[in-house]
Structure formats: C-alpha cells, structure tokens
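K.L.:
what follows is a predicted structure for the sequence shown.
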Amino acid sequence: MPALWIAHVTVSDEEAYKKYAEGATKAIADHGGKFIARGGRFVQLEGKERPRNVVARFSDVESAEKCYYSDAYQAALNHARGASERELMIVETSE
C-alpha cells in the first residue's frame with residue numbers, strides 16, 4: 001500500500017534548514033518519494049500550528065522508512081537538528 005511521509009515544521013535557522021532541505025529532497029527522490037505538498041497554504045484546525053508542512057508519497061511504508069534511515073537522509077537531518085522543531089510520521093494510505 002502507498003504511504004505518506006508527513007512533516008510539520010517550525011524553522012528557527014533558515015540557512016541550516018536550507019541545507020537540510022537540499023539533502024532531504026535528493027534522499028527522498030532517490031528512494032522513490034514524490035512531493036505532493038511542500039510549504040503551501042494551510043488551515044490549522046486543531047493542535048499545534050507549524051508554518052511548514054510537507055507531504056511526500058512513497059510506494060509503501062518500508063520505502064519511506066528506508067529513506068528516513070538512509071545515510072543520505074540522516075546526513076541531511078543533521079542540518080535540521082537545532083534549526084527546527086519537527087514532527088514526522090509515515091502513514092499507510094487506504095488506496
């Protein structure tokens with residue numbers, strides 16, 4: 001079943017986060033992920049508002065998880081640590 005990688009982010013250091021985004025974009029693409037939402041307009045209805053919201057679609061949960069734990073993504077993630085507050089989840093779709 002397809003899976004969605006969903007991130008909610010508040011960025012505190014734009015320069016460092018930009019380095020994260022560059023590396024993460026490549027890692028996600030290299031693992032078959034395709035962005036379907038990336039920082040666009042949103043309406044917060046419940047919970048903590050985060051100004052940056054990203055959704056990527058993968059072929060399955062395992063591919064998304066493999067991407068997260070890949071050396072390339074972890075190297076990119078080092079730039080996000082200390083430069084952002086984030087929540088990240090992988091959700092299997094019902095398609």
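P.N.:
Thanks, I have the structure now.

K.L.:
use CA for all of it now, contacts and neighbours both
P.N.:
Noted.

K.L.:
show me the contacts for the closest residue to Asn53 other than its chain neighbours.
P.N.:
The shortest distance from Asn53 to any non-neighbouring residue, by Cα to Cα, 6 or more residues apart in numbering, is to His8 (4.6 Å). Going by Cα atoms under 8 Å, 6 or more residues apart in numbering, His8 touches 50-54, 86-88.

K.L.:
got JSON lines for those, with neighbour count too?
P.N.:
Below are the contacts of His8 laid out as JSON lines (neighbours: other Cα atoms under 10 Å):
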{"residue": "Arg50", "neighbour count": "16"}
{"residue": "Pro51", "neighbour count": "14"}
{"residue": "Arg52", "neighbour count": "17"}
{"residue": "Asn53", "neighbour count": "20"}
{"residue": "Val54", "neighbour count": "17"}
{"residue": "Arg86", "neighbour count": "15"}
{"residue": "Glu87", "neighbour count": "12"}
{"residue": "Leu88", "neighbour count": "14"}
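
K.L.:
closest one of these to Lys34?
P.N.:
Distance to Lys34 across those (Cα to Cα) is lowest for Val54, with 10.8 Å.

K.L.:
correct me, but the closest one touches Ala21?
P.N.:
No. Using Cα atoms under 8 Å, Val54 is not in contact with Ala21, being 10.9 Å away.

K.L.:
mind listing the helices in this structure by residue range?
P.N.:
In the chain, the helices defined using DSSP state H lie at 14-30, 61-69, 71-80.

K.L.:
tell me the helices and strands packed up against the last one.
P.N.:
Packed against helix 71-80 by the contact rule (3 or more Cα pairs under 8 Å, 6 or more residues apart in numbering; DSSP states H and E) you find helix 14-30.

K.L.:
same question for the longest one.
P.N.:
Packed against helix 14-30 by the contact rule (3+ Cα pairs under 8 Å, 6+ apart) you find helix 71-80.
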